[in-house]
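*Asks:* sequence below, structure please.
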Amino acid sequence: MNKELEKLISLHDLDVMISDLANNDINKQEKKLGLSPDSAVKELRKMRAELASTIDRKHRDMYDRLAGHYGNAVVPVVNLRCSGCLTQLPTAFFASQNRNDQVETCPSCGRFIYWCD
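*Replies:* Purely as a prediction, here's the structure:
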């Protein structure tokens with residue numbers, strides 16, 4: 001898999017974790033278990049900043065725009081469809097054997113897509 005694509009997926013995963021810990025219900029449950037969600041969020045944000053600094057600026061800016069617009073900027077391809085907008089991808093996308101060797105975007109919604117064969 002392309003290293004830049006791996007970084008984008010990891011960035012998305014960190015954003016999801018940060019968002020989950022910001023949820024009041026999850027935050028309360030974490031505190032009941034004796035965990036410190038505030039320190040976890042701080043650490044996750046630090047990790048996110050470090051990872052984001054290693055991503056090509058063009059991809060990082062696009063990621064930020066997509067995340068702001070859709071909430072999720074990186075989505076898997078499921079049943080030959082972008083799982084973000086559910087549009088079936090053109091044949092050229094799934095005919096290639098090197099699907100995850102480069103950073104690809106959905107031609108319909110623009111989200112970053114990856115294949116999980």
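*Asks:* got the contact list for Ala22?
*Replies:* Val41 (Cβ atoms under 8 Å, 6 or more residues apart in numbering). Using the backbone N, CA and C atoms, a C-beta is placed for each residue, glycine as well.
*Asks:* cutoff 10 Å now
*Replies:* By Cβ atoms under 10 Å, 6 or more residues apart in numbering, Ala22 lies in contact with Pro37, Val41.
*Asks:* what does Ile18 give?
*Replies:* Contacts here follow Cβ under 10 Å, 6+ apart; on that basis Ile18 touches Ala40, Val41, Lys42, Leu44, Arg45, Met47, Arg48.
*Asks:* in terms of helix, strand or coil, where does it fall?
*Replies:* At Ile18 the chain is in helix, as set by DSSP: H, G, I helix; E, B strand; the rest coil.
*Asks:* re earlier: buried only: go through the contacts of Ile18 for me.
*Replies:* Val41, Leu44, Arg48 (16 or more other Cβ atoms under 10 Å).
*Asks:* and those as JSON lines, adding pLDDT, distance to Leu89 and secondary structure?
*Replies:* Listed next are the buried ones among the contacts of Ile18 as JSON lines, based on pLDDT from 0 to 100; distance: Cβ to Cβ, whole Å; DSSP: H, G, I helix; E, B strand; the rest coil:
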{"residue": "Val41", "pLDDT": "88", "distance to Leu89": "35", "secondary structure": "helix"}
{"residue": "Leu44", "pLDDT": "94", "distance to Leu89": "32", "secondary structure": "helix"}
{"residue": "Arg48", "pLDDT": "97", "distance to Leu89": "29", "secondary structure": "helix"}
